[in-house]
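Colleague: prediction below, plus the sequence it came from.
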Amino acid sequence: MSMLPAVAQRFRLTVPRLTAWVRRPAAAPAGLLLSLAGLLVAALLLLTPVYLVIRTAGAGVAVWEILLKPSTLATLGRTLWLAGSVTLAAVVIAVPLAWLTACTDLPGRRIWTILAALPLVLPSYVFAYLLASILGPRGLLQAALEPLLGISRLPNLYGFPGAFLALTLMSYPYVFLSVRAGLRRLDPALNEAARSLGLSAGQAFWRVTLPQLRPAVMAGSLLVALYVLRDFGAVTMMRYDTFTRIIYLQYRSFADRSVAASLALVLVALTATLLYLEMRTRGRAQYARRSAGAARRMQPVPLGRWRWPALALVLAVVTLALLLPAGGLLYWLGRGLGQPATLQTLLTPAGNSLLVSLGAALLALLAALPVAILAVRHPGRWSQLLERLAYAGFALPGIVIALALVFFGAAYLPGLYQTLPLLLVAYVILFVPQAVGAARTSLLQVSPSLEEVGRSLGCTPAGVLRRITLPLIRPGVAAGAALVFLTCMKELPATLILSPAGFRTLATGVWANISEAFFAQAAAPALLLILLSSLPLALLTLRDHE
């Protein structure tokens, strides 16, 4: 009898909890659906690491023979040398360029800022082919100089020099944009205090400004290094053997795929090591402004007599990185338009590129939404792991993901092997980090109280998502989808390996022509590819200014 009051008290405390749970019948199904969607995305993203482990383990002890071969070690050295050289050169070019356009009275600095960032629009294989056609041993420059100076051949561009030049001129905007943004956020009081203590303008820059830019320089440098490690088009066009080119050649030779998997695993390990080292070198220094009040805008530094040398430096970089390739593209376009079949052959590849890019953007968006919602609205170990797994796609080159899907498609889903669905899956794995980042950022800006109000008015979680959350995050989600679209348009190695037989896109069409040195035939699809891939960003930019 003495236990009855305790049991009754516990019952009275439990009943309200059960009643509240029963009144929210849609909460559990919604959470279950989110978790199931997250599990599906996680399984998709784990395909590539699982494939690499399976194939490498299947080689047994022979994998060490593959990895320790002199040719593998030589490829490792070439890859690291190219990545390090390009990253250093990009920093050397980008930091002065960012300072001149952000902190000085350089004439036309707004125009120069736009022009200096535009090389990012060009796919690496297009940029490399234009560079080779102009500066190659028997290129357009040699043809122009021969009647004047009798030069019959220019120095050989292929190999490391060509790959280094192409990748440096293409990737320096990553550092340029990052450092320029950092300069715009700096508090001018720091530089003014240094000058008041007797430092010259140059000393103040080296001892005060540049250390404050360390995070921006490191972030841009990391993007450049990752870009070089992942690149396939430029190194293949310039015939420089890095891991991506060797893996592709090994795959095309129909030899033992364990060799390609082992090399791919080394490439992934290199990328992971690079990410780890960047994280460790961040340090604990504080870069945030501590003083009260709003930060003042930095006054432009007068260049004085150095104005025209600075202008010449900026013009030289823009000429090499943008004007020279653009001139070459227009030249070859004029040559190619004389061929009647050129314009007719653009329609089908353009339609195919639009089809797969739009499909991949939609699928990547659908895959990113549950990841972003779980990470923002349901934080925990599982959601944190899922989010990190989604961002890990940045560490996986397209050629490695393509090899993984070839293995799983041929072994377990032969009906999907070399079909459009498998190609779309590769695009989703490659570019879902971009969609997740955009969706997560937009979701963080939506107050949870708005969703709670919707729930209190009787909306189910699905109704709240459809009627409140999605309309509020639509601009950011659209920007992420546009970014996925334009990167899908330019993706080459995954498209070459996974495309169905006879399925041609603008990227593969350009590659087929430049591989055979048909530069005139490659110009029209290259120009159309650049225009179509830039269209979403142009529309979003115009919309932001309305």
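Modeller: Done, it's in.

Colleague: contacting residues for Ala163?
Modeller: Contact analysis of Ala163 by Cβ atoms under 8 Å, 6 or more residues apart in numbering lists 82, 128, 234-235, 238, 240, 242. Just so you know, the C-beta spots here come from the backbone N, C-alpha and C atoms, and that holds for glycine as well.

Colleague: that one sits in which helix or strand?
Modeller: According to DSSP states H and E, Ala163 maps onto helix 160-185.

Colleague: closest to Gly359 out of the contacts of Ala163?
Modeller: Checking the contacts of Ala163 against Gly359 with Cβ to Cβ, the nearest one is Ala234 at 27.1 Å.

Colleague: tally of neighbours for the closest one?
Modeller: Neighbours of Ala234 under the rule other Cβ atoms under 10 Å: 32.

Colleague: then Ala310?
Modeller: As a measure of burial, Ala310 has 20 neighbours, counting by other Cβ under 10 Å.

Colleague: kindly report the same for Gly304.
Modeller: Gly304: 7 neighbours (other Cβ under 10 Å).

Colleague: try Arg377
Modeller: Using other Cβ under 10 Å, Arg377 has 15 neighbouring residues.

Colleague: quick check: closest non-adjacent residue to it.
Modeller: Pro448 (7.0 Å; Cβ to Cβ, 6 or more residues apart in numbering).

Colleague: which pLDDT value belongs to that neighbour?
Modeller: For Pro448, the model assigns a pLDDT of 70.

Colleague: how much space separates it from Ala435?
Modeller: For Pro448, the distance to Ala435 (Cβ to Cβ, to the nearest Å) stands at 22 Å.

Colleague: quick one, domains of this protein?
Modeller: Listed domain ranges for the chain are 30-48+339-546, 69-241+305-336 (source: automatic domain parsing).

Colleague: any chance of a markdown table for those, columns distance to Thr56?
Modeller: Output for these, formatted as a markdown table (distance: least, Cβ to Cβ, whole Å):
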| stretch | distance to Thr56 |
| --- | --- |
| domain 30-48+339-546 | 12 |
| domain 69-241+305-336 | 13 |
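
Colleague: which one of those domains lies nearest to Ser258?
Modeller: For the domains of the chain, proximity to Ser258 was assessed by Cβ to Cβ; domain 30-48+339-546 is nearest, at 10.5 Å.

Colleague: quick revisit: higher neighbour count, Pro448 and Ala435?
Modeller: Each of Pro448 and Ala435 has its neighbours counted (other Cβ under 10 Å); Ala435 has more, 29 against 11.

Colleague: residues in contact with the more buried one?
Modeller: So Ala435 contacts 361, 364-365, 367-368, 477, 480-481, 483-484 (Cβ under 8 Å, 6+ apart).

Colleague: give me the low-pLDDT residue ranges for the stretch 351-500 of the chain?
Modeller: Counting by pLDDT under 70, the stretch 351-500 of the chain contains low-confidence ranges at 391-395, 444-447, 449-455, 458, 460-466, 468, 472.

Colleague: what do you get if the cut-off is 90, keeping everything else the same?
Modeller: 351-352, 361, 364-422, 426, 428-500 (pLDDT under 90).

Colleague: so what's Tyr240 closest to, chain neighbours aside?
Modeller: Ala163 (4.0 Å).

Colleague: distance of the one you found from Ala128?
Modeller: For Ala163, the distance to Ala128 equals 8 Å [Cβ to Cβ].

Colleague: mutual contacts of those two, please.
Modeller: What both Ala163 and Ala128 touch, as defined by Cβ under 8 Å, 6+ apart, is the set 234, 238.

Colleague: does Ala501 count as helix, strand or coil?
Modeller: Secondary structure state of Ala501, per DSSP: H, G, I helix; E, B strand; the rest coil, is coil.

Colleague: right, and Leu154 touches Leu141 too?
Modeller: Yes. Contact status for Leu154 versus Leu141: in contact at 6.5 Å, counting by Cβ atoms under 8 Å.

Colleague: what do the two both touch?
Modeller: What both Leu154 and Leu141 touch, as defined by Cβ under 8 Å, 6+ apart, is the set Leu135.

Colleague: please name every helix or strand in contact with the host helix or strand of Ala507.
Modeller: Using DSSP H and E, Ala507 falls within helix 506-515. Under the contact criterion of 3 or more Cβ pairs under 8 Å, 6 or more residues apart in numbering; DSSP states H and E, helix 506-515 touches helix 124-135, helix 347-377, helix 470-490, helix 493-498, helix 519-544.

Colleague: how far does whatever helix or strand comes next after the first one sit from the chain's center?
Modeller: Next along the chain after helix 124-135, taking DSSP H and E as the criterion, comes helix 140-149. Mean C-alpha position of helix 140-149 versus that of the full chain (Cα atoms, centre = their mean, to the nearest Å) differs by 38 Å.

Colleague: would you put the C-alpha positions of helix 140-149 in CSV?
Modeller: What follows is helix 140-149, C-alpha atoms only, in CSV (Å, rounded to 0.1, in the frame of the first residue of the first chain):
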residue,chain,number,x,y,z
LEU,A,140,50.4,31.7,-83.2
LEU,A,141,53.2,33.8,-81.6
GLN,A,142,55.8,31.9,-83.4
ALA,A,143,53.9,32.3,-86.7
ALA,A,144,53.7,36.1,-86.1
LEU,A,145,57.5,36.4,-85.2
GLU,A,146,58.9,34.3,-88.0
PRO,A,147,58.4,36.8,-90.8
LEU,A,148,59.8,39.6,-88.6
LEU,A,149,62.6,38.0,-86.7
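
Colleague: just checking, what packs against that helix?
Modeller: helix 124-135.

Colleague: got a list of contacts for the helix it packs on?
Modeller: Contacts of helix 124-135 (Cβ under 8 Å, 6+ apart): 119, 139-141, 154, 157-158, 162-163, 165-167, 169-170, 231-234, 236-238, 324-325, 327-329, 332, 492, 507, 510-511, 514, 519, 522, 526, 529-530.
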